[in-house]
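> Turn this into a structure:
(one chain, ligands or ions: 1)
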Amino acid sequence: MLDILRDKWEEIKEKLKEDHDITNVSYKTWIQPMQVADVDNNTVTVVLNGIEEEQRQLIDFVNKKYRFILQVTIEEVTDFACNVVFVLPGDLEKNHTSAAEPSSAPISSPYSANLNQKYTFDTFVVGPNNKFAHAASLAVAESPAERYNPLFIYGGVGLGKTHLMHAIANFILRNNPDARVLYVTSEKFTNELIDAIRNKNSISTFEFREKYRNIDVLLIDDIQFIIGKEGTQEEFFHTFNFLHDNQKQIVISSDKPPKAFETLEERLRSRFEMGLPVDISAPDYETRMAILRKKEEMEGYNIDNEILKYIATNIKSNIRELEGALTKITAYSKLYKTDITQEVAEEALKDLISPNQVKEVTVDTIIDTVSEHFHLKPADIISQKRNKEVVFPRQIAMYLCRYMTESPLQMIGKAMGNRDHTTILHGIEKIAGEMQENENLKSTIDILKKKIMPG
Ligand SMILES: Nc1ncnc2c1ncn2[C@@H]1O[C@H](COP(=O)(O)OP(=O)(O)OP(=O)(O)O)[C@@H](O)[C@H]1O
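Here you go, the predicted structure:
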């Protein structure tokens, strides 16, 4: 029987895919790497290639999702009524890898408005650093709220957490355009809650709860920004419980695991840990090269392999910077109408690639970041304009300059449109004072700090 099954294995898998409308990405991730390893009486042992020992929980998911239909398909193709048992490749000392594939149909759902359509499983390069997070995310996307609830994805800056969250949301919406899938940053959640409580804007507390509870999937990005903010944390706790009790899927991302949050209330920590925490670490060299090649292919660039190697060798810990390097090189070569040579790459990336140098925060960096955040021009920040829309960001920039640079007040004043140091001091105190009462402002400052000094 083993020989027959091996002969017919591809046919069985293809039939399974067709009869059960399995998407390309699910097929490539779970089904295609499956191999029949053994037949004993009517028990067929199938090895789940691509899943490693520390991901053993995924067997549960595959069992629930595919075991029965695989048994049915085996019987249909070979007339052999069997019982399938899944094992991991480590059990048989075999190894294969899997990769995700696209499904590119545009999504039409009001919930897709704040999703980046380019962040899909297809455009996500899988490497040893993110393999488990990718597999768990795909499992959640295929069967929301059946397994791993909440899914808690954590890892350092720019390593793909947001990408995976959008991929889950895009996948669910593509398969079910009626699904109510809400992706928010924790900054947005906090701001809306504060507005609702103060009832300044149109949204009331009732509407806030309606919005966050009347959904099937909630994905909340960068949860660290609400940790320690009592009111927001409390509301999130109730939102979480409501959704979880009603079998709705929750996906959370964070820069650290639940246990590393010192100020996290125990009851919330245990909620976070009751699902599946998965981490993403920095990519290795091969994964960095694969990401660069993927990006090159997506953007239609044509860059010499040696230059890609130069980037991958020098930018190690942040994929956003890795991508930024490619964009910078191509922009530079267009601007100066020159081919992309090693010298051009080195010149274009000299600010980014300085391996032994700690990135210095300057007053100019702060002005640029703050103005971009508030949709202003740097010239507005240093101008003499006195309207609220400009004065407030300007004071925020003053505050950040004071605490993120070594520059004395006089120098900050000079860089900020030749202002007197007492004006700078006033701005700093104004923001520091307001931060005591205004959670909204506190989280904006946190976000800006992270933008200015990632990592
Ligand atoms: N494995 C990957 N394959 C392809 N692109 C990736 C991968 N990981 C990250 N990226 C890209 O790197 C950039 C940064 O990723 P993302 O914004 O998801 O990081 P993050 O972990 O959410 O960062 P932050 O902590 O700042 O919120 C994005 O453009 C994303 O598409």
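> Contact residues of the stretch 301-450 of the chain facing the ligand?
319-320, 323 (C-beta under 6 Å from any ligand atom). C-beta coordinates here come from the backbone N, C-alpha and C atoms, glycine included.
> hmm, try it at 8 Å
Contact residues (C-beta under 8 Å from any ligand atom) of the stretch 301-450 of the chain with the ligand: 318-320, 322-323, 450.
> what does the stretch 151-300 of the chain give?
Close to the ligand, as judged by C-beta under 8 Å from any ligand atom, the stretch 151-300 of the chain has residues 155-166, 221-222, 253, 255, 280, 283, 287, 290-291, 294-295.
> still on that earlier bit, restricted to buried residues, select the residues of the stretch 301-450 of the chain next to the ligand in PyMOL.
Buried subset of these, written as a PyMOL selection, criterion 16 or more other C-beta atoms under 10 Å:
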select buried, resi 318+319+322+323+450
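> The closest residue to the ligand within the stretch 51-200 of the chain: neighbour count?
Here the stretch 51-200 of the chain gets closest to the ligand at one residue, residue 160, 2.7 Å apart by C-beta to the nearest ligand atom. Applying other C-beta atoms under 10 Å, we find 25 residues neighbouring residue 160.
> Domain map for the chain?
1-90, 121-279, 285-354, 363-452 (the TED database).
> pLDDT weak spots in the stretch 201-350 of the chain?
201-203, 263 (pLDDT under 70).
> That one: helices as residue ranges?
Secondary structure of the stretch 201-350 of the chain by DSSP state H, counting those that start in this stretch: the helices cover 205-213, 230-245, 266-273, 285-299, 305-314, 319-335, 342-348.
> Would you format those helices as TSV with distance to residue 54 included?
Compiled in TSV, the helices of the stretch 201-350 of the chain are given as follows (distance: least, C-beta to C-beta, whole Å):
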stretch	distance to residue 54
helix 205-213	33
helix 230-245	25
helix 266-273	17
helix 285-299	18
helix 305-314	26
helix 319-335	22
helix 342-348	37
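> Quick check: which of those helices is nearest to residue 56?
helix 266-273 (17.8 Å; C-beta to C-beta).
> how far does the closest one sit from the chain's center?
Here the centre of helix 266-273 is set off from its chain's centre by 21 Å, with C-alpha atoms, centre = their mean, to the nearest Å.
> neighbouring contacts of that helix?
Outside of helix 266-273, the residues within contact range by C-beta atoms under 8 Å, 6 or more residues apart in numbering are 150, 152, 233, 236-237, 240-241, 244, 252, 258-259, 261, 264.
> again, 6 Å this time
Contacts with helix 266-273, where a contact means C-beta atoms under 6 Å, 6 or more residues apart in numbering, come from 152, 237, 240, 258.
> got a list of what the third one touches?
Okay, so that is residue 240. residue 271.
> same question, the second one
Neighbour list for residue 237: residue 268 [criterion: C-beta under 6 Å, 6+ apart].
> thinking again about what came up before, which among the helices of the stretch 201-350 of the chain is found nearest to residue 91?
helix 285-299 (25.8 Å).
> Among the residues of the stretch 301-450 of the chain next to the ligand, which one lies nearest to residue 228?
residue 450 (15.4 Å).
> What parts of the stretch 1-150 of the chain come near the ligand?
116, 118-119, 123-127, 129-130, 134.
> Can you select the buried ones among the residues you listed for me in PyMOL?
Buried members of those, defined by 16+ other C-beta under 10 Å, are picked up in PyMOL with:
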select buried, resi 116+119+123+124+125+126+127+129+130+134
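> So which of the residues of the stretch 1-150 of the chain next to the ligand are in helices?
Within these, residues falling in helices by DSSP state H are residue 134.
> Do a quick rundown of the strands in this structure.
34-40, 43-48, 83-87, 151-155, 181-185, 217-221, 249-254, 276-280 (DSSP state E).
> What is the burial count for residue 227?
The burial count for residue 227: 20, using other C-beta under 10 Å.
> Repeat that for residue 18.
The number of residues near residue 18, taken as other C-beta under 10 Å, comes to 11.
> what's the spacing between it and residue 291?
Per C-beta to C-beta, to the nearest Å, residue 18 is found 32 Å from residue 291.
> quick revisit: for the residue of the stretch 51-200 of the chain closest to the ligand, what are phi and psi?
phi 110, psi 10 (degrees, to the nearest 10).
> dump the residue contacts of it.
Taking C-beta under 6 Å, 6+ apart, one finds 130, 280 in contact with residue 160.
> what pLDDT does it get?
As predicted, residue 160 sits at a pLDDT of 95.
> Grab the nearest non-local neighbour of residue 316.
Leaving aside its sequence neighbours, residue 316 sits nearest to residue 282 (C-beta to C-beta, 6 or more residues apart in numbering; 6.2 Å).
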